[in-house]
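J.: Sequence isn't available, so here's the structure alone:
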């Protein structure tokens, strides 16, 4: 009897030597038969939960697509004094032939396509399921599961496209990655970047009406204090909507996809809908709001969708302190954030510096700074503050925020879409993001498009410390350099990774 690909994920290891085509085809012995798993509603719930668990694992949002690999690529960390045996040193050097980098890419690819295979298995069954087998069919339980699986499939393909294919601004017509929609998929076909983007958009758009039934006006989504807890009378499965691909998360991700595709008109339209419909639900965390948080600060009020990993703090701590010996060499020390927050006003009043960056050993290492989004270090020994007052923030890995939605709107306006102008874009970025993040007025200025983009670049860096999006921002624009305060790196040929060797037989 055929078995499903380890959907329940009870701590099992991925078979990282297997190719994507094998993941999409072969069903290794798992925990339950496919027929039994989908015999009642509980199996559908377990299958969806397993997909989210995979998405939050270390090869994906739990590390490499957030504070790990993609942040190292974007030069957030200072490895100048580190031994080359330490994690991410070859990644930071953009040495894509090194085994360290190749291993990261292999793990990312295999885990993403395994997740896609699980999405396809769930979609194949839930699309044909009788709604009446679900206890809350009247409020759209079947549709919610179906919509989230479609959205997860689209999101995983989008992440693979952003890593393993050229940005659309460079090349839309070359073969990119497989887009798998069947289970099992014995011969996954590679499509062009243009075709993959069309399929991603189609899946996200198909998910929206399915999710709208439950989510469009769901009270639990209307504040961070409710969307990251279990507070639904229908039970645990319906709680924690902020960590699920709910309606507004999918709409926000659709705006990101349109922006990456250079479809600025649709990006502006979609982002504006998200902003106008629910800015009050996802307000940017201000200085005073952050001051009420004990421990690390995620600025979680404006997180539209976050991945959830209960071991996040431990995993981050293990990497951060992996190089500590007799001296305090934090391996994820930030690369001179003083250069990004260049004035004392920035550092005193900007919540992103004041609460999200700290000095673990200010007396002995006054130039060493680390991110406080995952662990707030209070001493050279690496002890951290427990989440005694706000433990709901501890396990969250931000994937998309309202601040990004505002910046999408601003950039589109600066490009002249929607009748916009640079002046309007400057006002939107200043009032929508900067002044919300500052304790005092954070007005910015720019005389032309290039000046605006320079300031947008700065705000993207500040917003995305430890979140993995800044590298993709630069790639989307095909920015010729990655710039820090200490070095400029030419990026020609460095934005696209080779598909892992195990996939060279793909069509």
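T.: Yep, that arrived. Computed from a predicted model, the values in this text were never measured in an experiment. Numbering: from 1, shown residues only.
J.: check contacts around the closest residue to residue 459 other than its chain neighbours.
T.: Spatial nearest neighbour of residue 459, excluding adjacent residues (CB to CB, 6 or more residues apart in numbering): residue 433 at 5.9 Å. The C-beta positions use only the backbone N, C-alpha and C, and glycine is treated the same way. For residue 433, the contacting residues are 284, 403, 406, 407, 410, 459, 463, by CB atoms under 8 Å, 6 or more residues apart in numbering.
J.: Determine which two of these are furthest apart.
T.: Using CB to CB, the pair of these lying farthest apart is 284 and 410, separated by 13.6 Å.
J.: For these two, indicate the residue with more neighbours.
T.: For the pair residue 284 and residue 410, the greater number of neighbours falls to residue 410 (28 against 21), based on other CB atoms under 10 Å.
J.: Give me the secondary structure label for residue 330.
T.: Following DSSP: H, G, I helix; E, B strand; the rest coil, we place residue 330 in the coil state.
J.: That one contacts residue 321, correct?
T.: Yes: counting by CB atoms under 8 Å, residue 330 touches residue 321, with 7.1 Å between them.
J.: about what we covered before: pLDDT wise, what is the residue nearest to residue 459 at?
T.: According to the prediction, residue 433 has pLDDT 96.
J.: Then residue 466?
T.: On the pLDDT scale, residue 466 is placed at 96.
J.: cool, and residue 5?
T.: For residue 5, the pLDDT comes out at 38.
J.: quick one on the thing from earlier: same drill for residue 330 and residue 321, tell me which one is more crowded.
T.: Set residue 330 next to residue 321 and count neighbours by other CB under 10 Å: residue 330 wins out with 25 against 18.
J.: Distance of that one relative to residue 115?
T.: According to CB to CB, to the nearest Å, residue 330 and residue 115 sit 31 Å apart.
J.: same check, this time on residue 503
T.: The gap separating residue 503 from residue 115 is 16 Å, by CB to CB.
J.: same check, this time on residue 423
T.: Counting by CB to CB, the gap from residue 423 to residue 115 is 43 Å.
J.: The stretch 151-300 of the chain: helices as residue ranges?
T.: Here the stretch 151-300 of the chain has its helices, by DSSP state H, counting those that start in this stretch, at 193-215, 224-227, 247-260, 264-278, 287-290.
J.: Mind checking those for the one nearest to residue 162?
T.: The closest of the helices of the stretch 151-300 of the chain to residue 162 is helix 247-260. By CB to CB, the value is 7.0 Å.
J.: Packed most tightly, which of the helices of the stretch 151-300 of the chain would that be?
T.: Of the helices of the stretch 151-300 of the chain, the one with the most neighbours on average (mean count of other CB atoms under 10 Å) is helix 247-260, at a mean of 25.
J.: right, and the secondary structure at residue 304 would be what?
T.: Taking three-state DSSP as the rule, one finds residue 304 in the strand state.
J.: which residues make contact with the helix or strand hosting residue 42 from outside it?
T.: Assigned by DSSP states H and E, residue 42 belongs to helix 41-55. For helix 41-55, the external contacting residues (CB under 8 Å, 6+ apart) are 4, 6-9, 32, 36-38, 60-61, 111, 114-115, 118-119, 121-122, 125-126, 129, 133-135, 141-142, 145, 148-149, 152, 155-156, 237, 243-244, 307-308.
J.: Look up how far residue 286 lies from the residue nearest to residue 459.
T.: 11 Å.
J.: Likewise for residue 429?
T.: For residue 429, the distance to residue 286 (CB to CB) stands at 16 Å.
J.: Between the two, tell me which one has more neighbours.
T.: It is residue 429, of residue 429 and residue 286, that has more neighbours when counted by other CB under 10 Å, with 27 against 16.
J.: In a helix, that one, correct?
T.: Yes: Residue 429 forms part of a helix when assessed by three-state DSSP.
J.: Distance of it relative to residue 112?
T.: Computed as CB to CB, the residue 429 to residue 112 distance reads 32 Å.
J.: Mind pulling the model confidence for the residue most central in space within the chain?
T.: Centroid-nearest residue in the chain, with CA atoms, centre = their mean: residue 399, separated by 3.1 Å. In the predicted model, residue 399 carries a pLDDT score of 98.
J.: right, and it touches residue 60 too?
T.: No: between residue 399 and residue 60 there is no contact under CB under 8 Å: 10.1 Å.
J.: Overlap of the contact sets of the two?
T.: With contacts defined as CB under 8 Å, 6+ apart, the residues adjacent to both residue 399 and residue 60 are residue 307.
J.: Tell me, what's the model's pLDDT at residue 483?
T.: pLDDT for residue 483: 75.
J.: any idea how far the closest residue to it other than its chain neighbours is from residue 472?
T.: Spatial nearest neighbour of residue 483, chain neighbours left out: residue 489 (7.8 Å); criterion: CB to CB, 6+ apart. The gap separating residue 489 from residue 472 is 16 Å, by CB to CB.
J.: Counting neighbours around each, name which of those two comes out higher.
T.: Ranked by neighbour count (other CB under 10 Å), residue 489 and residue 472 place residue 472 first, with 23 against 14.
J.: Who are the contact partners of the more buried one?
T.: Counting by CB under 8 Å, 6+ apart, residue 472 has contacts 70, 162, 260.
J.: Does the first one touch residue 474 like I think?
T.: No: with contact taken as CB under 8 Å, residue 70 and residue 474 are classed as non-touching, separated by 10.8 Å.
J.: Buried residues, the top helix by length along the chain. List them.
T.: Using DSSP state H to define each element, the chain has its longest helix at helix 99-126. The neighbour-count check on helix 99-126 (16 or more other CB atoms under 10 Å) flags 100-102, 104-126 as buried.
J.: Which elements pack onto it?
T.: Contact partners of helix 99-126 among helices and strands, from 3 or more CB pairs under 8 Å, 6 or more residues apart in numbering; DSSP states H and E: helix 20-23, helix 41-55, helix 89-92, helix 141-164.
J.: Quick check: which of those is buried the most?
T.: The most buried one of those (mean count of other CB under 10 Å) is helix 141-164, showing a mean of 25.
J.: any idea how far residue 417 is from residue 335?
T.: If you go by CB to CB, the gap between residue 335 and residue 417 works out to 34 Å.
J.: Revised request: answer the last question for residue 410.
T.: Residue 410 is 11 Å from residue 417, where distance means CB to CB.
J.: Point out where the protein drops to low pLDDT.
T.: For the chain, the stretches with pLDDT under 70 are 1-33, 80-85, 323-329, 378-392, 484-486, 504-507.
J.: quick revisit: got the helices and strands packed on helix 99-126 as JSON lines, with distance to residue 252 columns?
T.: Shown next, in JSON lines, are the helices and strands packed on helix 99-126 (distance: least, CB to CB, whole Å):
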{"stretch": "helix 20-23", "distance to residue 252": "28"}
{"stretch": "helix 41-55", "distance to residue 252": "16"}
{"stretch": "helix 89-92", "distance to residue 252": "28"}
{"stretch": "helix 141-164", "distance to residue 252": "11"}
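J.: and of the ones you listed, who's closest to residue 341?
T.: helix 89-92 (21.2 Å).
J.: Does anything pack onto that closest one? Which helices or strands?
T.: Partner elements for helix 89-92 (3+ CB pairs under 8 Å, 6+ apart): helix 69-73, helix 99-126.
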